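Undergrad: quick one: sequence plus predicted model below, questions after.
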Amino acid sequence: MNATPEVLTRLGGLLAAAAPDDRGALWQLDRQGRELDANLVRLPAGGEVGEHQEDVLDVLLVVVEGDGHLTPGDGGEPLALGPTTVMWLPRTSRRSLTAGPDGLAYLTVHRRRPGLAIKSAPASAVAYEGGEAPCSLDRVCPACGRMSQESAPKYCGECGERFPGR
C-alpha cells in the first residue's frame, strides 16, 4: 500500500468556530491504520485539567492558542505556556494544566495505544487485562476539568457534573 499525505483539518478554523466556553477535545485524529493519536484540546479561561499521569506513553504538547501553565506533580515551579510552546511530557511524569484569562488550546500527539482486545487467557494465567483507551480525555470533567481516577466516571467527584453519555 502506498500512503498519500493529506490535510486533515485547519486548527485555526476549528478554534474560530468554537464557542467561548467550549472545552475538551475539539478534534481527534481518526484515520484507520494510523500509528499516532492526536487531539486538539481547549480549556476556557481559568479551566483546569487536574493532576494526572500517563504511565505508558510520552506525550508531545504544542500550544496553539492562549496561555496558561503546566504544574509538575513533583512540586516543581509552574511552567509558562503560550502560543508555539512545545513541551515533552515523559511517561510517568505527573502534571496539571491551568488555562490563563484567554483560555488555552493545545495539540497533544503520542504513539497510538492498541485497542481493547478480547482474548482467551493462557492456561497458566489467572486473568487477562486488555489495553487502555487511546487517551484519558473521557475522564476529564467537561465542567471543571478535574481528572477522575475512575475508569468510566458517571459524575465528577469535584463539582458533581454528569459526564456526557453516561
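TA: That came through fine.
Undergrad: measure the closest residue to L11 other than its chain neighbours to L8 for me?
TA: Closest residue to L11 apart from its sequence neighbours, by C-beta to C-beta, 6 or more residues apart in numbering: V64 at 5.5 Å. All C-beta atoms are positioned from the backbone trio N, CA, C, and that covers glycine. According to C-beta to C-beta, to the nearest Å, V64 stands 14 Å off from L8.
Undergrad: tell me which of these two has more neighbours.
TA: When V64 and L8 are compared for neighbours, V64 comes out ahead with 18 against 11, by other C-beta atoms under 10 Å.
Undergrad: ok, now which ones touch that one?
TA: Shown in contact with V64 (C-beta atoms under 8 Å, 6 or more residues apart in numbering): L11, L15, L40, P83, A105, Y106, L107.
Undergrad: please report the distance of it from R42.
TA: Relative to R42, V64 is positioned 9 Å away (C-beta to C-beta).
Undergrad: same check, this time on A80
TA: 18 Å.
Undergrad: so for these two, which sits in the more crowded spot?
TA: Between A80 and R42, counted using other C-beta under 10 Å, the more crowded position is R42 (25 against 12).
Undergrad: that'll do, ta.
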